[in-house]
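Engineer: Any chance you can model this:
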Amino acid sequence: MSYKVMVVDDEAIVRQSVASQIPWEKYQMELVHASENAVDALAYLKEHPVDLMLVDIRLPVISGLELVREVRKTCPMTQFIMISGYADFEYAREAMRSHALDYLLKPLNDVSLLSAIRKAQEAWEQRQFSESLREMGLELPDGREIEKVRCSPTVMQMLAIVDEEIANPELSLKWISSQRMYLNETYLSRMFQKEIGEKFSAYLGRQRMMLAMRLMLRTPQMQIQEIAEQTGFGDNPQYFSSVFRRFTDMTPSEFRKKLGRGQAEE
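Structural biologist: A predicted model of the protein is given here:
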């Protein structure tokens with residue numbers, strides 16, 4: 001599947017830059033249209049809906065933010081990355097209010113543009129993952145998303161370490177305390193549970209199981225041994241399978257069979 005992308009900017013150099021800076025096919029995307037104004041963009045969208053739009057905030061006649069509001073009326077699943085030539089807090093705030101994935105300043109650079117594109121890719125993968133689980137009728141315990149914006153810097157760092165070290169079999173609250181943050185383990189435990197609402201061990205276990213299911217969805221041919229290694233179970237696929245079954249009420253093979261049936265029905 002290829003995700004369709006449109007760029008809307010009145011500067012030709014920006015449109016050309018977006019087209020040339022990203023290896024779109026690498027991210028399963030296709031840049032299908034470039035518009036210089038919102039009127040042209042809306043006309044195109046009537047016949048050709050897209051998955052992602054990169055939109056300049058300051059467009060002639062109809063602003064980029066107005067364009068976003070119009071598109072959302074008919075295409076609520078379309079995602080947006082906002083572009084601006086002005087480092088203005090008000091612009092950024094309005095972009096975030098419109099639920100844009102990112103807010104980029106001109107001139108665009110490869111790093112920030114690629115980071116924004118990867119956010120879009122991750123959002124699509126998460127949506128596909130969630131839809132697949134719902135189609136399977138799988139009820140997951142405590143599958144809520146963490147509102148990281150409300151976390152303290154200390155807990156934010158702990159969450160970041162989990163993301164970085166999730167394949168590390170040694171990863172634990174004790175390991176983070178002694179090897180990475182050099183803070184009292186009990187103090188970290190209390191902070192984490194107060195802000196996240198669950199014990200660190202429960203959060204880590206859930207993140208590992210969610211990653212395992214994503215890996216099965218993205219790469220059906222991946223061996224259980226490799227999945228166990230990538231999710232922090234080391235050279236112990238039997239223990240991984242046991243934990244997976246407790247979490248989902250299915251063995252990994254049963255999960256894959258059910259997932260395969262759901263994909264075949266699409």
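
Engineer: which regions of the stretch 1-150 of the chain sit below the pLDDT cut-off?
Structural biologist: In the predicted model of the stretch 1-150 of the chain, residues 1, 87-89, 92, 96, 138-150 satisfy pLDDT under 70.

Engineer: Would you map the helices across it?
Structural biologist: Residue ranges of the helices in the stretch 1-150 of the chain, as given by DSSP state H, counting those that start in this stretch, are 12-21, 38-47, 64-74, 89-97, 110-135.

Engineer: Could you dump the ones you listed into CSV and include distance to Pro252?
Structural biologist: Where C-beta positions appear, they are placed from N, C-alpha and C, glycine not excepted. Rendered in CSV, the data for those read as follows (distance: least, CB to CB, whole Å):
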stretch, distance to Pro252
helix 12-21, 39
helix 38-47, 41
helix 64-74, 39
helix 89-97, 39
helix 110-135, 15
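
Engineer: Can you tell me which of the ones you listed is most buried?
Structural biologist: Highest mean neighbour count among the helices of the stretch 1-150 of the chain (mean count of other CB atoms under 10 Å): helix 64-74, with a mean of 17.

Engineer: which helices and strands does that one pack with?
Structural biologist: Secondary structure elements in contact with helix 64-74, counted by 3 or more CB pairs under 8 Å, 6 or more residues apart in numbering; DSSP states H and E, are helix 38-47, strand 52-56, strand 79-84.

Engineer: At which residues are the helices of the stretch 151-266 of the chain located?
Structural biologist: Using DSSP H, counting those that start in this stretch, the helices found in the stretch 151-266 of the chain span residues 153-165, 173-175, 185-196, 200-218, 224-230, 237-248, 252-264.

Engineer: Those: lowest mean pLDDT?
Structural biologist: Set side by side, the helices of the stretch 151-266 of the chain give their lowest mean pLDDT on helix 252-264, at a mean of 73.

Engineer: Can you spell out the domain ranges of the protein, please?
Structural biologist: What automatic domain parsing lists as the domains of the chain is 3-134, 148-264.

Engineer: next one: the last one to chain centre, how far?
Structural biologist: Just to be clear, that refers to domain 148-264. For domain 148-264, the distance between its averaged C-alpha position and the chain's averaged C-alpha position is 16 Å (CA atoms, centre = their mean, to the nearest Å).

Engineer: repeat for stretch 62-70
Structural biologist: Per CA atoms, centre = their mean, the displacement of stretch 62-70 from the mean C-alpha position of its chain is 24 Å.

Engineer: repeat for stretch 113-131
Structural biologist: 4 Å.

Engineer: Kindly format the C-alpha coordinates of it as PDB.
Structural biologist: The C-alpha atoms that make up stretch 113-131 are tabulated as PDB, following Å, rounded to 0.1, in the frame of the first residue of the first chain:
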ATOM      1  CA  LEU A 113      11.300  17.200   7.100                       C
ATOM      2  CA  LEU A 114      12.300  13.600   7.400                       C
ATOM      3  CA  SER A 115      11.400  13.600  11.100                       C
ATOM      4  CA  ALA A 116       7.900  14.900  10.300                       C
ATOM      5  CA  ILE A 117       7.500  12.300   7.500                       C
ATOM      6  CA  ARG A 118       8.400   9.500   9.900                       C
ATOM      7  CA  LYS A 119       5.800  10.800  12.400                       C
ATOM      8  CA  ALA A 120       3.200  10.400   9.700                       C
ATOM      9  CA  GLN A 121       4.500   6.900   8.900                       C
ATOM     10  CA  GLU A 122       4.400   5.900  12.600                       C
ATOM     11  CA  ALA A 123       0.800   7.300  12.900                       C
ATOM     12  CA  TRP A 124      -0.300   5.200  10.000                       C
ATOM     13  CA  GLU A 125       1.300   2.100  11.400                       C
ATOM     14  CA  GLN A 126      -0.300   2.700  14.700                       C
ATOM     15  CA  ARG A 127      -3.800   3.200  13.100                       C
ATOM     16  CA  GLN A 128      -3.400   0.000  11.100                       C
ATOM     17  CA  PHE A 129      -2.200  -1.900  14.100                       C
ATOM     18  CA  SER A 130      -5.200  -0.700  16.200                       C
ATOM     19  CA  GLU A 131      -7.700  -1.500  13.400                       C
END
